[in-house]
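**Q** Sequence and predicted structure, then a few things I'm wondering about:
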Amino acid sequence: RTLFWVCLLFVIVCYIFSILLQQLITDYSVLETPRDKLLWGNVGRSMVTLAQIASYSGIDEVQRLVDVHLSPWVLLLFLGFLCISSLGLFNLAVGVLMTYALKTETNHSQFESSILRLLEHKTLHELRSALIKECHVTLGESGF
């Protein structure tokens, strides 16, 4: 459930930054190539491009766009997005997954120790039964 909220927060952050960046890019009218229009043509495409940038797979497109067409100050906007999304939200998601993994391991260890205690109890019960039988056999032979 927590991971759902992290993903939702990531989508909201992508949406906000895609609106800002799409508006900046269209104001500067730098959508010259079909590739630029494919990446930044509308808010939805900008969100997908930002999601790729957050995973560091499309970072070269940002560098090219900023170097060729936009002010270097726009790079700060991209860096802000990277800090929030990649470093912040993805770290949070990894933390949530690690917490669940540790909790699962703890539950598994508790389950394993319970099984071992049950097996010990069963073994002791079988030993007790065998001793009682042996006592009956021994006592029966001695005439008691």
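**A** Noted; the coordinates are in hand.
**Q** contacts and neighbour counts: CA atoms only from here.
**A** Will do.
**Q** for stretch 73-92, the distance to its chain's centre please.
**A** Put simply, stretch 73-92 sits 17 Å off its chain's centre (CA atoms, centre = their mean, to the nearest Å).
**Q** Can you mark which positions in that stretch are buried?
**A** By neighbour count with 16 or more other CA atoms under 10 Å, stretch 73-92 contains the buried residues 74, 75, 78, 81, 82, 84, 85, 86, 89, 90, 92.
**Q** Return the member of those nearest to residue 40.
**A** Nearest to residue 40 among these is residue 78, at 13.6 Å by CA to CA.
**Q** Next up, the contacts around the closest one.
**A** residue 62 (CA atoms under 8 Å, 6 or more residues apart in numbering).
**Q** circling back: can you redo the buried residues of stretch 73-92 as a markdown table with secondary structure, pLDDT and distance to residue 9?
**A** Below are these laid out as a markdown table (DSSP: H, G, I helix; E, B strand; the rest coil; pLDDT from 0 to 100; distance: CA to CA, whole Å):
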| residue | secondary structure | pLDDT | distance to residue 9 |
| --- | --- | --- | --- |
| 74 | helix | 74 | 23 |
| 75 | helix | 76 | 22 |
| 78 | helix | 79 | 17 |
| 81 | helix | 83 | 13 |
| 82 | helix | 81 | 14 |
| 84 | helix | 82 | 10 |
| 85 | helix | 81 | 9 |
| 86 | helix | 77 | 12 |
| 89 | helix | 76 | 8 |
| 90 | helix | 77 | 11 |
| 92 | helix | 79 | 11 |
